Every structure is written in structure tokens, then in C-alpha cells.
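Visitor: What shape does this take:
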Amino acid sequence: MRNFQTLLFLFILLSLSDLPAQETKPVIYRINIRESIGSNTWIYLQNGLHEATGKDATAVLLHMNTYGGGVTEADSMRTAILNAPLPVYVFIDNNAASAGALISIACDSIFMRSSGSIGAATVVEGGSGERASDKYQSYMRAIMRATAESHGKVTSVHAGDTLSKWRRDPSIAEAMVDERIVVRGFADSTQILTLTAAQAVELGYCDGIAESVHEVIVSHLGFGDYTLETYNPSLYDRIKGFLTGGIVQALLIMLIIGGIYFELQSPGIGFPTAAAVTAAILYFTPLYLTGYAQSWEVLLFVLGLIFIVFEIFVIPGFGVTGILGILCIISALVLALIGNIRFNFDGLPVTEVFRSLMVVLGGTGMGVALIIYLSGRIGKPGFLQFAALRADQEGYVSVSTAPVSLVGRTGVAATDLHPSGMVCVDGDFYDANSLRGFIDKGSEVVVMRYENFQLYVTVKGRQVPV
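Guide: Below you'll find the model as predicted:
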């Protein structure tokens, strides 16, 4: 009986072993790159690669149609592709120009629609569209060449000789940037290289021509039965991409700088503070959520604000704390744009540092321009006030002009004026600004003029320019 049970058990095992195993379809994960290369596409690629890895995808396929975009984002994207744990292929569905060419060359294989093109990677100025200086062209040439070289060489034996050649000729990649590099039969010394699909195949920059994503997967990648999943960016991704764009970040910095300045000039007015705080939140939040900004960088920004407020309201003059405050704020704004952990910058691309500096310097410059512009207009009729309205207009109440009569009168500083504060004239308290230097509490002051709803005073006996 025991022998019979043993034989039956063996028979069942053998029967089960003959059953065909249930095969799972390979997952091809598609990421659409069908807009200008920028912060949006960089976020899409990051998230897409992460999701593809989490879903155990067999490969990633970039569905590309772009005329180019930002070099910094393109460099970050090509680095992510080169370091991706999965094979990354690209299907150029018509256009892979400029930054799109760099990203495509980083992929393991390039497939193109028959009407597609790739190349024209010369760096141009963002505002004017003019050709950028040779310094930028040289750098673009270098990263294009390095990307082509990263795919290594192919060794073959011909007539008993072992031959080795680049899988993707680096000089072809350089010719897409610099017209001085001649590719005989394709581009002379006056042309930037742009290749059609057929030309790209001939030069080894295209691994096959296809008319659809399905054809790429079946005919070229060899997956007859597969599951295609596509990364779909959420509204949050789009908002985050918008806020991390260089121009938007520079505008936010402008609002931070301008808001801080005008709030310090007019203490008690809430709008500049609200603008600066909102801009700072919009600046740091997406960077913090994407891992660029660290907690200590946000704290460094706050510390800079504390230093400046301390300098303005506590310590007369402008000295060490004021300088430290400015340095802390600028450093926090720059470092938040640079991917680092605990001040570790190993392997940090030079383009990322350069972009960070340009964004912060550009935003600071715009902030200074905003301060200069608004400083000459705030208080004028029709701009942020209703001083021009006459009291006799029905439905409107004009601003009281009573403080104008205080010009030339003497009073006492009710608080320290650093440079803003309060003064007491004839028993009434008024907002006031010091015309020169800081004024200590209790000092006797003279009202020199009344503008923008504030008195402007100086210490009695102190000479000020008219």
C-alpha cells in the first residue's frame, strides 16, 4: 500500500511538471517626450524611470517629438538615461532636434519614423535665438561626443584583421553642434549636421525605421506579445514642472527680494510680506519635494531673513549681520537648485551649478530693477493708492492731508527709527522714516516732509540734503 501511494505521488509530480508554465507578458514602459525639453520633461523622465523600475518593466521606450529646449535639463535627462538600470530606447516620431538629439544619442537604440530627423544641436541664446558664444558650443560638443563614446566600440574580423570602430561615431555627434566638422556627403564646413532617417541608418545613428510604436516593439525589439504601459503626468507633476522652470524661479526670486525690501521700508504693511512668503514657498516646496532642496537649505534661508531683520531693527548701520543675512539668503537660493546631500557635491554636473547661478543672479537683478522702478512710482496718483481722488467726488473719501501741516514741526522719536518707526508730534503718533541714518528712541526730531502717507524726519540740528 505504501509503495502504491509513493508511485501515485510521483505520477502527480510528473504530470504537474508537464503543464506549461504561465508566462507573463513583457512590460514595455513608454514615456512621452513630445514638448520642449525643460523642467516638465525632466520630471516626466525621472518619474517614468522610477515607475518602470517599480513595475519590473523589460524596457523603457521614449516616444519623442521635440524641437529642443534647455541644455541643462537635457544634460540631466541624458545622464539619467545612461545610468538607468533598464534598457532605454527612443522612437523619434518626426523630430529630435537640438536637446532632443542629445537625449536620443544617450539611449541604447534609436528608431525613427521614415520622415524623421535628428541633429541641429547648436546652442542658442534663450531670449534672442542667436547662436551662443564658443564657450557654450565647446561644452555642447564635449557632452555630445562623450554621449556617443559611452556606447563603446564594435569589434569585427575582416579578411583576418580585427577591426574596431565606434558604435556611434563621436565626430558625427560633434558635427551636429559645430559646422566646422565636415561629414563628407552629408554636411560641408558651412552646415550644422541634421540627418534624415535614412541618413541616420547609413551613419549608424539609427537602428531601424518604423512607422509606429507597435512596429518598433514587434519588428525591432522582438516582443510579439507584450504589455504597453504609458507614464501619464498628473496635474501635480505639471505644476511642479512649471514652478521649477528657470524663468519662473527667477521671477519668484524677484518677488522674494522685492517683498523683503519693501516690507522693511514700510513696516506694518502686509502685502510685501505676503508676496515674499508666498514666492518663497512656491520656490522651495517643489525643490524640497523633488529632493533638491534639503531642510538645512530652507533653514539657511530663514536664518538669512533673521539676520537682515536683526540688522535693520536692532543694530545701527549696516555691518556683519546684514552681510551674513544676504550671503545666507543667496546661498540658500543657489544651493536649493543643486542636488546635494549634506553639502556633498560629488559628481555634480557643471551645467547644474551654472544654471543655478544664472537663475539666482537673474532673479536678483530683476528684483533690484523692480525695487528701482516701484520706488519711483509708489505714492504717485493712480498707483497703489487713491490720493488723486478729490474729496468732493461722490462715493469716494480722500486721504487725509492733515499730516502735511506737520512739516517743520518738532517732535520726539517714540521708537527707534531703523530707518522706520514712530514719532510723537503734539501728543499724536505717526509712522515716520529717518531721512539720514538711524534715530534712537527719545531723540528730538524735525518733520522735513510728508510723502506716501508717512512723515520723513531727521534729528534736530542734523543737516540733510534737500
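
Visitor: what bits of the stretch 101-250 of the chain have low per-residue confidence?
Guide: In the predicted model, the stretch 101-250 of the chain carries pLDDT under 70 at residues 126-129.

Visitor: If we use 90, what do you get?
Guide: 121-140, 154-165, 179-180, 182-191, 224, 233-250 (pLDDT under 90).

Visitor: Sketch out the strands for it, chain order is fine.
Guide: Taking DSSP state E, counting those that start in this stretch as the criterion, the stretch 101-250 of the chain carries its strands at 109-112, 117-119, 153-158, 161-166, 194-196, 208-209, 227-230.

Visitor: Quick check: which helices or strands does the first one pack against?
Guide: Meaning strand 109-112. Applying 3 or more CB pairs under 8 Å, 6 or more residues apart in numbering; DSSP states H and E, we find strand 109-112 packed against strand 88-97, helix 197-202, strand 208-209. Where C-beta positions appear, they are placed from N, C-alpha and C, glycine not excepted.

Visitor: Of those, which stretch is the most buried?
Guide: Of all these, strand 88-97 has the most neighbours on average by mean count of other CB atoms under 10 Å, namely a mean of 25.

Visitor: for this structure, longest helix please?
Guide: Ranked by residue count under DSSP state H, the longest helix found in the chain is helix 350-375.

Visitor: So for that helix, mean pLDDT?
Guide: The average pLDDT for helix 350-375 rounds to 80.

Visitor: Next: stretch 32-47.
Guide: 89.

Visitor: Straight-line length of it, end to end?
Guide: Terminal residues of stretch 32-47 lie 12 Å apart, using CA to CA, to the nearest Å.

Visitor: For the stretch 251-400 of the chain, which segments count as helices?
Guide: 270-289, 295-313, 320-335, 350-375 (DSSP state H, counting those that start in this stretch).

Visitor: care to break this protein down by domain?
Guide: Domain ranges of the chain: 27-233, 237-375, 384-466, per automatic domain parsing.

Visitor: out of the ones you listed, deepest packed?
Guide: The most buried one of the domains of the chain (mean count of other CB under 10 Å) is domain 27-233, showing a mean of 18.

Visitor: thinking again about what came up before, how about a markdown table for the helices of the stretch 251-400 of the chain, with distance to Thr53 added?
Guide: Conversion of the helices of the stretch 251-400 of the chain to a markdown table gives the following (distance: least, CB to CB, whole Å):
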| stretch | distance to Thr53 |
| --- | --- |
| helix 270-289 | 20 |
| helix 295-313 | 27 |
| helix 320-335 | 28 |
| helix 350-375 | 23 |
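
Visitor: Of those, which is nearest Asp188?
Guide: Smallest distance to Asp188 across the helices of the stretch 251-400 of the chain (CB to CB): 30.1 Å, for helix 350-375.

Visitor: hmm, back to that, and the strands of the stretch 101-250 of the chain: which comes nearest Phe242?
Guide: Once the strands of the stretch 101-250 of the chain are compared by CB to CB, strand 227-230 is nearest, at 21.4 Å.

Visitor: Please state the offset of that closest one from the chain centre?
Guide: On the basis of CA atoms, centre = their mean, to the nearest Å, strand 227-230 sits 29 Å off its chain's mean C-alpha point.

Visitor: Quick check: neighbours of it in the sheet, parallel or antiparallel?
Guide: Sheet pairing for strand 227-230, assigned by DSSP bridges, gives strand 27-33 (parallel).

Visitor: relative to strand 27-33, how tilted is the following helix or strand past the strand it pairs with?
Guide: Going down the chain from strand 27-33, the next helix or strand is helix 39-54, by DSSP states H and E. Put simply, helix 39-54 runs at 180 degrees to strand 27-33, going by axes from the mean of the first three to the mean of the last three CA atoms, to 10 degrees.
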